[in-house]
Structure formats: structure tokens, C-alpha cells
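> how would this look folded up:
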Amino acid sequence: MKRFPCVPLLLASLGLLSVSSGVALAAELPAAIQAVEARGAKIVGRFDAPNGLQGFAARYNGQGMALYLTADGQHVLLGTLLDAKGEDLSREPLERLVYAPMGEEMLTRMQDSTWIADGSDSAPRVVYVFSDPNCPYCNLFWKQARPWVDAGKVQLRHIMVGMLRADSAAKAAALLTAKQPAAALNEHERAGKASTLKPMKTIAAEVQQQLDDNLALMGELGAAATPAIFYQDADGRLQQQQGAPNADNLTKIMGPK
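This is a model prediction of the structure:
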């Protein structure tokens, strides 16, 4: 299981964060910090740092990066700052200024994508899963999730993609356009290898666009295979599970039974 900010390729092309403090941050940046921005970093905020240093939080290639400007304003240190006890002084500001807003934005992106709800709309926990109709591990996760879904504790939101086989997109389209998508999905997953789901002969342009958008979003989140599972941990941080989880990780994703 991966902590969301550690996913490779995470949001590198999204340009998600903006500085909304009312201060034109870019216009006030010292020249040394501007030089780092010129190399591709995006400065998203400032934070307090010890001993005359000025702290800046940045995004670079989708990752958080801490910058420390020296007191003379002429030099920049990049990386993790530790105190005498070995405590990481960079973690909290990067979490607050980079990763927390990034996770919130990604939750919104997934919420606004095209998905099939599996479970009660009043379930206290929502889990997003990028799912391919031909994926055996998606089927395994569907089975693993039944106790929580059936108890009304979790709603799975299946963000359908078509990537594994030639007919995956057509099968995903058939599910999305079914009269009752949730029932169609559950029938397909319940049957497993015996599923009789028929691929759609002609995918409407609108539906194809939904599938393309879902697959693009999956890539932007750093996921390369299905099922790609995204959920919030006990602290509200976005986490990713790649593949069907083991028993311990399943409880982290779904919560207590």
C-alpha cells in the first residue's frame, strides 16, 4: 500500500494548487527561489523555518519539495531539514501546503468522474476503485468488499476503465449504459468467469469520452493497473492501494466490520 504523495507520476501534469492567501506570491519571491521555479518547481506557500532560514513549499514532478532560503537571500537549500533530535521539520509544512490540498482536489476529481455506485448512498465510508470488467483482481476485491457493502458501511464507486483486453472498453460501456448499472455490475462480478456480460457493439461518443477521461485520470493519479483503490485514512489523508489487498490492508481500506 502506498501513501498517496509517494505515488510516482502523481499529478505531475495537473497544476492543481493555487495560492489563495491574497498575496501575489510569485511577484514577491526572492531571486534565488525564482531560479528554482525556473527549473520547473511550482512554489505554493511559505512556512516558518529556524535560524534565519525562510521555508518555501513547492511541487516538482508531482512531489512535494521543501526549499530553505538562507538569511542573505542568495542561496537555497533543497530537501529535508532535521533538528538535533532527528525530527523531520519539513514533513508538516509539506503535508499542509502540498499534499493535503492535492488529496482534496483528487477526491473531487474522482467524485466528478463517471462511476457506478456499489452500496448505500448513506454509507459512512466511500472508496473509489478504478475497475476493468476483465480484471480478475477487481473481481476479487469486489468479493472481499461484500461484508462492508452489504452491511451499509461502505459504498464502492467503480470508476470504469477499459484497458486489459480488446473488449474491455466495450464491456465497460455496456455496464455504464445498462438500465441499472449497479445491478449489472454486481451480476457481472458475482458470476466471475461465468459472466455473460456482452460487450457493446458500438460505443457512443459520449460514453467513449467518459471512459477515456477515466483512464486519463487513473494515469494522472499514478496508477498503472487495476484495481487501483483510493480511500481516506483515519486522518482524512488520501491513500492508494494497488491491486487486491491482503487482510490487514483490507481492514484499513474498509474500516472495522
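
> leaving out sequence neighbours, find the closest residue to residue 178.
Nearest residue to residue 178 in three dimensions, chain neighbours excluded: residue 184, at 3.7 Å (CB to CB, 6 or more residues apart in numbering). For every residue, glycine as well, the C-beta is placed using N, CA and C.

> doesn't that neighbour belong to a strand?
No. Applying DSSP: H, G, I helix; E, B strand; the rest coil, one finds residue 184 to be helix, outside a strand.

> pretty sure it contacts residue 177?
No. With contacts counted by CB atoms under 8 Å, residue 184 stays clear of residue 177, the gap being 9.2 Å.

> pull out the buried positions in the strand or helix carrying residue 138.
With elements taken from DSSP states H and E, the one containing residue 138 is helix 136-150. Buried residues in helix 136-150, counted by 16 or more other CB atoms under 10 Å: 137-142, 144-145, 148-149.

> buried ones in stretch 61-77?
Buried, per 16+ other CB under 10 Å, within stretch 61-77: 62-69, 76.

> would JSON lines of the residues you listed with distance to residue 124 be doable?
Putting these into JSON lines (distance: CB to CB, whole Å) gives the following:
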{"residue": "62", "distance to residue 124": "30"}
{"residue": "63", "distance to residue 124": "32"}
{"residue": "64", "distance to residue 124": "30"}
{"residue": "65", "distance to residue 124": "35"}
{"residue": "66", "distance to residue 124": "35"}
{"residue": "67", "distance to residue 124": "39"}
{"residue": "68", "distance to residue 124": "41"}
{"residue": "69", "distance to residue 124": "44"}
{"residue": "76", "distance to residue 124": "45"}
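
> so where do the helices sit in the stretch 151-257 of the chain?
168-176, 181-191, 205-220, 247-254 (DSSP state H, counting those that start in this stretch).

> beta partners of residue 125?
For residue 125, the beta-bridge partners under DSSP bridges are residue 154.

> distance check, it against residue 107.
13 Å (CB to CB, to the nearest Å).

> likewise residue 96?
17 Å.

> with residue 46 instead?
25 Å.

> neighbour count: these two, which is higher?
Taking neighbours as other CB atoms under 10 Å, residue 46 and residue 107 compare with residue 46 leading, 21 against 17.

> I'd say that one and residue 53 touch.
No. Counting by CB under 8 Å, residue 53 is not a contact partner of residue 46; they are 11.3 Å apart.

> now the farthest one out in the chain, which residue is it?
Largest separation from the mean C-alpha position in the chain: residue 72, at 39.0 Å (CA atoms, centre = their mean).

> residue contacts, the closest residue to residue 245 other than its chain neighbours?
Distances taken as CB to CB, 6+ apart place residue 253 nearest to residue 245, at 6.0 Å, with adjacent residues excluded. Residue 253 is in contact with 127, 229, 231, 239, 241, 245, counting by CB atoms under 8 Å, 6 or more residues apart in numbering.

> give me the pLDDT value at the fifth one.
Read it as residue 241. Residue 241 is assigned a predicted lDDT (pLDDT) of 95.

> can I assume it is in contact with residue 249?
Yes. Residue 241 is within contact range of residue 249, at 5.9 Å (criterion: CB under 8 Å).

> okay, these two: which has more neighbours?
Set side by side, residue 241 and residue 249 show more neighbours around residue 241, with 22 against 15, by other CB under 10 Å.

> how many neighbouring residues does residue 177 have?
Quick note: residue 177 (other CB under 10 Å) scores 15 neighbours.

> also residue 255?
Residues contacting residue 255 under the criterion other CB under 10 Å number 15.

> use 660 as the first number for this chain going forward.
With the count now opening at 660, the last piece we talked about shows up as residue 914.
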